[in-house]
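> Just to be clear, the model below is a prediction. Sequence and coordinates:
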Amino acid sequence: MPRQAAAAQARPAREESAPSTPPPADGLAAQRDAAAQLGAALRALTDASVRTLASTATLLDVAARITECLPALTADQRDVGDPAPLDDPAAKLWLYNPVIGRANPIAPWLETTLVDGVLTGRATLGLPYQGPRGYVHGGVSALLLDQVLGDVVSASGRSGLTVSLSTRYRGPIPLLAPLLVVGRVVEVADRKITAAGTIALESEPDRPLVEGVGVFVVPRPDQAARLFGAFGGPARDTPGTPDTPGVPAAVPALAVPPTSPSTT
């Protein structure tokens with residue numbers, strides 16, 4: 001879509017930010033499914049748009065038709081910082097997360113599972129995520145690792161902000177190949193938690209292509225208030241607050257993962 005067309009559809013800021021109202025319970029599942037279907041359709045559109053060899057006339061025609069659809073989506077929108085009514089923090093359901101959100105059109109849609117303290121994500125990346133020809137962009141690899149490492153830190157009992165993320169690229173990641181992204185907590189020191197992870201082909205899980213180490217810090221209450229207070233107070237996913245009532249502030253450190261990632 002041309003930048004000018006997108007700008008023309010920008011919605012003026014509201015004078016007051018009213019809290020988002022979730023839909024009735026009986027329609028929530030249907031609306032979540034509809035949002036996920038829209039996200040899937042937009043991902044397919046994005047993939048088609050970066051692969052097409054269509055003529056100039058076709059490109060302009062499609063851009064115009066997409067622009068015509070925007071008013072239906074922009075008539076009622078939430079502002080930055082407003083919670084998404086379709087999310088469920090208690091269930092760790094984030095439909096619009098840019099990595100794991102089924103309704104977010106830019107998300108690779110990494111599907112994750114947690115078993116025995118090890119978080120495993122699965123995804124297959126197409127041409128929209130290309131860096132070197134035929135391979136995944138290195139920044140996308142870092143994006144996947146940051147998500148998985150942050151999620152496994154949160155699952156350990158506390159949510160922290162990423163303060164450093166180091167990556168080692170041992171080999172290029174091919175496009176259209178099923179991937180495993182694995183992470184686990186390796187050290188806890190007061191408010192600092194360190195997690196390590198790998199990205200490998202699902203067909204070769206014992207040969208990491210990217211390795212990463214992330215350091216996360218749980219902010220003090222005053223820091224959390226300064227960072228997130230403008231958005232109406234901390235939610236359950238706000239770093240610095242326990243994810244589950246009764247979870248202790250400190251968690252035991254886990255062993256450093258072996259070279260071969262776990263795929264459990």
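Received it, and whenever you're ready, just let me know what you need. All values reported here derive from a predicted model rather than from experimental measurement. Numbers count the residues shown, from 1 in each chain.

> can you map out the helices along the stretch 1-150 of the chain?
Using DSSP state H, counting those that start in this stretch, the helices assigned to the stretch 1-150 of the chain run over residues 3-8, 25-51, 56-74, 138-155.

> from those, which stretch is densest packed?
Relative to the other members of the helices of the stretch 1-150 of the chain, helix 138-155 carries the highest mean neighbour count by mean count of other CB atoms under 10 Å, namely a mean of 22. For the C-beta atoms, the positions are set from N, CA and C on the backbone; glycine is no exception.

> Is residue 203 in a helix, a strand, or coil?
coil (DSSP: H, G, I helix; E, B strand; the rest coil).

> what's the pLDDT at it?
At residue 203, the model reports a pLDDT of 97.

> count of residues packed around it?
When counting by other CB atoms under 10 Å, one arrives at 10 neighbours for residue 203.

> tell me the contacts of it?
When contacts are counted by CB atoms under 8 Å, 6 or more residues apart in numbering, residue 203 touches 177, 178.

> could you point out where the stretch 151-264 of the chain is predicted with low confidence?
The model of the stretch 151-264 of the chain has pLDDT under 70 over residues 230-264.

> let's go with 80 and repeat that
Under the criterion of pLDDT under 80, the regions of the stretch 151-264 of the chain flagged as low confidence span 228-264.

> Lowest average confidence across the helices of the stretch 1-150 of the chain, which one?
Ranked by mean pLDDT, the helices of the stretch 1-150 of the chain bottom out at helix 3-8, which scores a mean of 36.

> Buried residues of whichever strand or helix holds residue 228, list them for me.
Secondary-structure assignment from DSSP states H and E places residue 228 in helix 221-228. Along helix 221-228, these residues count as buried under the neighbour rule (16 or more other CB atoms under 10 Å): 224, 228.

> Same question for stretch 120-130.
Counting neighbours by 16+ other CB under 10 Å, one finds that the buried residues in stretch 120-130 are 120, 121, 123, 125, 126, 128, 129.

> Give me the outermost residue of this structure relative to its centroid.
For the chain, the largest distance from the centre (CA atoms, centre = their mean) belongs to residue 57, which lies 35.1 Å off.

> Taking the buried residues of stretch 120-130 together, which two end up most distant?
Between any two of the buried residues of stretch 120-130, the greatest separation by CB to CB is 23.2 Å, found for 120 and 128.

> who's in contact with the spatially closest residue to residue 39 that is not a sequence neighbour?
Here the nearest residue to residue 39 in space, its sequence neighbours aside, is residue 103; by CB to CB, 6 or more residues apart in numbering that works out to 4.0 Å. For residue 103, the set of contacting residues under the criterion of CB under 8 Å, 6+ apart consists of 32, 35, 36, 38, 39, 86, 95, 96.

> Please look at the second one and residue 85 and confirm they touch.
What that stands for is residue 35. No - at 10.1 Å, residue 35 and residue 85 do not qualify as touching, with contact defined as CB atoms under 8 Å.

> what are the phi and psi angles of residue 131?
Per-residue torsions, residue 131: phi -110, psi -100 (degrees, to the nearest 10).

> excluding its backbone neighbours, what's nearest it?
Nearest residue to residue 131, sequence neighbours excluded (CB to CB, 6+ apart): residue 137, at 3.2 Å.

> So what's the residue count around that neighbour?
When neighbours are counted by other CB under 10 Å, residue 137 registers 16.

> again, but for residue 106
Under the neighbour criterion other CB under 10 Å, residue 106 is assigned a count of 15.

> from memory residue 199 sits against residue 205, does it?
No - with contact taken as CB under 8 Å, residue 199 and residue 205 are classed as non-touching, separated by 10.4 Å.

> Looking at those two, which is more packed in?
Set side by side, residue 199 and residue 205 give different neighbour counts by other CB under 10 Å, the larger being at residue 199 (29 against 17).

> how close does that one get to residue 160?
Residue 199 sits at a distance of 21 Å from residue 160 (criterion: CB to CB, to the nearest Å).

> now residue 74
Taking CB to CB as the measure, residue 74 falls 35 Å from residue 160.
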